[in-house]
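**Student:** Sequence first, predicted model second:
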Amino acid sequence: MARTKTSGPGLTYASAGVDINEKDRFTDSLEATMRRTFGPRVIQNPGGFAGLFRLDFNERLFARNYRDPVLVACCDGVGTKVKLAAEMGIYNTVGIDLVAMNVNDLVVQGAEPLFFLDYIAVPKVDRDVLTHLVEGIAEGCRQAACALLGGETANMPDVYAPGDFDLAGFCVGVVELKRAIKPNWVQPGDVILGLASAGIHSNGYSLVRRVVKEAKLELGRVYEELADTPGPSRRRSRAKPATARASRGSARPIEGPGPDGGEAAPPPNKPGLAREKTLGEVLLTPTRIYAGSIVRLMRSYRVKNVVTGMAHITGSGLAENLVRAIPPGCDAVIDRSSWEVPAVFRFIQQQGRIEEEEMRRVFNLGIGYCVVVKPAFADSVHEQLERLGERVFRIGKVVKGKGQVREA
């Protein structure tokens, strides 16, 4: 077969927009970041195509074994909050969001998170941007006491425009079958505790961004109306808008305690005033990670089923998420006066002229997680969660009904 004659240099993968060398250099640079999230259950697998993780192990300090284990898995993303992160040039906070949106769902089932994997898609490898994204993911894993076991970086120049990127995450956990939360545990008389959110979290940002645009708000401006709303406390990136990433291999082990021995306590959910935070920084406040507090709470009650139900309050608001924890013969009756709606929600509502019902359907409005408990234990659970760093409100109760959420 005759060869086709060409003039000039031939095409390469790099000329098509994918720089393999840069991708590999970035991948190699992640080892230390990932290792900080490892515990004794991560198994060394250098050069592997997947990560290895022990379920049972018998090391003297961190022994953890299961009689009837059930694996629990979920996946989620950050949504259009990534557009705001790119516009602000702040990338590590959405990494925390990514972990939060997964582990907060997972612990609703009574499970403990074991390991996490991420998927980052970008048009071009920008190591500075990617490093901040992965640092944020690793920080989220540290807070959730799970291992960042691996990940994938997809360099897709024809799919994503310059400056764009997307995040997805996948989490696996475990729970003893007899301890897995079941909807029929909830009974009339149970008390509903609400855990404060850290702000908007990672839902409703298509509407938030439309409000910013239509009301001509300035992301770099400090608005006095947001005085009681916390902004991100993590170190910020001042990198250029995103363009990046490379594919990562499997995890490697680290010595010493990690997610399986001496988990770090979650940061206190009692932020100071954000008078110096710009609107953009306030809107990028990371989703609160409740996993650490909930796992500790569940371990405190190994015999009795004190916690009868839980709900992570994400898109569709309080009612549509809490109803998933309520059995057909019960209603959840909520007292919305039991907590104060954070200023950021009222600010967005006023600037966008949004109806109250729409706000309730889209946003968490200050309650990011719900725990349903037996009435005799409501006070002790409340106090324990506050000791673990949560702000807790008694927001309602369970009564006989038809499987609905209604207001008092």
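**Tutor:** Received it, and whenever you're ready, just let me know what you need.

**Student:** hey, let's count contacts and neighbours off CA atoms from now on
**Tutor:** OK.

**Student:** show me what contacts Lys400?
**Tutor:** Neighbouring residues of Lys400 by CA atoms under 8 Å, 6 or more residues apart in numbering: 188, 329-331.

**Student:** Now find how far off-centre stretch 113-125 is within its chain.
**Tutor:** 13 Å (CA atoms, centre = their mean, to the nearest Å).

**Student:** which element is Trp277 on?
**Tutor:** Actually, residue 277 is Lys. It isn't Trp. Following DSSP states H and E, one finds Lys277 outside all helices and strands.

**Student:** scratch that, Ala73
**Tutor:** Secondary structure (DSSP H and E) places Ala73 in strand 69-77.

**Student:** Do me a favour and average the pLDDT over that strand.
**Tutor:** Across strand 69-77, the average pLDDT comes to 96.

**Student:** What of stretch 150-163?
**Tutor:** 92.

**Student:** can you give me how far that stretch is from the chain middle?
**Tutor:** Centre to centre, stretch against its chain (CA atoms, centre = their mean), the figure for stretch 150-163 is 21 Å.

**Student:** do stretch 302-314 as well
**Tutor:** The chain centre lies 19 Å from the centre of stretch 302-314; the measure is CA atoms, centre = their mean.

**Student:** For the strand holding Ala73, name the packing helices and strands.
**Tutor:** Packing partners of strand 69-77 (3 or more CA pairs under 8 Å, 6 or more residues apart in numbering; DSSP states H and E): helix 92-106, strand 166-176.

**Student:** neighbouring strands for it, and are they parallel or not?
**Tutor:** With DSSP bridges as the test, strand 69-77 is paired with strand 166-176 (antiparallel).

**Student:** could I get the strand it pairs with in CSV with only the CA atoms?
**Tutor:** Extracted in CSV, the C-alpha atoms of strand 166-176 (Å, rounded to 0.1, in the frame of the first residue of the first chain):
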residue,chain,number,x,y,z
ASP,A,166,-16.6,19.6,35.7
LEU,A,167,-16.4,17.5,38.8
ALA,A,168,-18.0,14.2,39.7
GLY,A,169,-17.3,12.0,42.7
PHE,A,170,-18.0,8.4,43.8
CYS,A,171,-18.0,7.2,47.4
VAL,A,172,-18.2,3.7,48.9
GLY,A,173,-19.1,3.0,52.5
VAL,A,174,-20.1,0.1,54.8
VAL,A,175,-22.8,-0.6,57.4
GLU,A,176,-23.7,-3.6,59.4
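
**Student:** List the strands paired with whatever helix or strand comes next after it, with their directions.
**Tutor:** Later in the chain than strand 166-176, the nearest helix or strand by DSSP H and E is strand 191-196. Partners of strand 191-196 in the sheet, by DSSP bridges, are strand 367-373 (antiparallel), strand 392-400 (antiparallel).

**Student:** now the shortest one: mean pLDDT?
**Tutor:** Which is strand 367-373. Strand 367-373 comes out at a mean pLDDT of 98.

**Student:** what about Arg296, neighbour count?
**Tutor:** Look at Arg296: counted by other CA atoms under 10 Å, it has 16 neighbours.

**Student:** before we move on, the earlier item: closest one to Ala32 among the helices and strands packed on strand 69-77?
**Tutor:** Smallest distance to Ala32 across the helices and strands packed on strand 69-77 (CA to CA): 16.4 Å, for helix 92-106.

**Student:** got the buried residues for the closest one?
**Tutor:** For helix 92-106, a neighbour-count test (16 or more other CA atoms under 10 Å) marks 92-106 as buried.

**Student:** Just list what that helix packs against, helices and strands only.
**Tutor:** Against helix 92-106 (3+ CA pairs under 8 Å, 6+ apart) you get strand 69-77, helix 81-88, strand 112-122, helix 127-144, strand 166-176, strand 307-312.

**Student:** ok, then the element right after the longest one?
**Tutor:** Spelled out, it's helix 127-144. That would be, after helix 127-144 and using DSSP H and E, strand 147-155.

**Student:** how distant is stretch 71-80 from the center of its chain?
**Tutor:** Worked out by CA atoms, centre = their mean, stretch 71-80 lies 8 Å from the chain centre.

**Student:** my bad, stretch 70-82
**Tutor:** Distance, centroid of stretch 70-82 to centroid of chain: 8 Å (CA atoms, centre = their mean).
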